[in-house]
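[1] pasted the sequence and its predicted model underneath.
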Amino acid sequence: KEEGPSSSFELIQSRILTPSCAIPSCHGSEADATFNEHHLILSANSSYDNLVDVPAHNANALADGLLRVKPRDADASLLFHKLHIEDHHSSDYGNPMPLGLQKLSVGQVQYIQLWIEAGAPKTGFVADAALMDDVKKQEEEYVSLPPPPNGTGFQVNVEPFTIAPNFE
């Protein structure tokens, strides 16, 4: 008989972090192209210790006093802000995650929020696992700005650059 996750955090790891975050060129290892930007590994053997009660690496999040995961306070947890795209643009904490992949469902984000609010425990179940099966997409509200008046714009020239797979 195949055993399932033994805790809420293991469920988060197996259903979200491992398939969507701890992948090559993202948060899989120190060899990833983006590691120097975030200094965050989310593989199964290290993710909990790299998330819970750890100061954010993002300068704006750090200046705002956020931790990567602050137990009992999702609003002070950068992980929640990075995954909850509906309020992501309220502060400049970098790109919403997972970058280049489908965003988490409303239920998945709610599951993580409940886990954080319950103290972000490493063991035990603190939220209804059925939330992980939710398929309702988060909706991001875009603000459409009017174009500038004729003759007031400027031109930008960007040199060629490489984009990692799944980041286009």
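    Structure received. Numbers count the residues shown, from 1 in each chain.

[2] how many residues are close by Phe35?
    16 (other Cβ atoms under 10 Å). Quick note: C-beta positions are derived from backbone N, CA and C, even for glycine.

[3] over to Gly124?
    Other residues near Gly124 come to 11 when the count uses other Cβ under 10 Å.

[4] so it is in contact with Ser7, correct?
    Yes - taking Cβ atoms under 8 Å as the definition, Gly124 is a contact partner of Ser7 at 5.6 Å.

[5] any idea how far Ser105 lies from Leu114?
    14 Å (Cβ to Cβ, to the nearest Å).

[6] please disregard the earlier target; I meant Glu159.
    Distance from Glu159 to Leu114, by Cβ to Cβ: 45 Å.

[7] the two - which one has more neighbours?
    Leu114 (15 against 4).

[8] what's the helix or strand for the more buried one?
    helix 106-117 (DSSP states H and E).

[9] buried residues, that helix. List them.
    For helix 106-117, the neighbour count (16 or more other Cβ atoms under 10 Å) marks Val106, Gly107, Gln108, Val109, Gln110, Tyr111, Ile112, Gln113, Trp115, Ile116, Glu117 as buried.

[10] check contacts around the fourth one.
    This means Val109. Contact analysis of Val109 by Cβ atoms under 8 Å, 6 or more residues apart in numbering lists Phe80, Leu83, His84, Gln138.

[11] who touches both of Gly124 and Ser7?
    Joint contacts of Gly124 and Ser7 (Cβ under 8 Å, 6+ apart) do not exist.

[12] which residues of this structure score low on pLDDT?
    Scanning the chain with the threshold set as pLDDT under 70 gives 1-2, 87-90, 141-145, 155, 165-168.

[13] run through the helices of this protein in chain order.
    Ranges of helices in the chain, per DSSP state H, are 8-12, 35-38, 47-51, 59-63, 78-83, 106-117.

[14] of these, which is nearest Leu131?
    Leu131 sits nearest to helix 106-117 of all those, at 3.9 Å, using Cβ to Cβ.

[15] I'd say Ser105 and Gln138 touch.
    Yes - using Cβ under 8 Å, Ser105 is in contact with Gln138, at 7.1 Å.

[16] before we move on, the earlier item: redo the helices of the chain as a markdown table? Include distance to Thr18.
    Converted to a markdown table, the helices of the chain look like this (distance: least, Cβ to Cβ, whole Å):
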| stretch | distance to Thr18 |
| --- | --- |
| helix 8-12 | 9 |
| helix 35-38 | 17 |
| helix 47-51 | 9 |
| helix 59-63 | 23 |
| helix 78-83 | 15 |
| helix 106-117 | 14 |
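
[17] great, nothing more from me.
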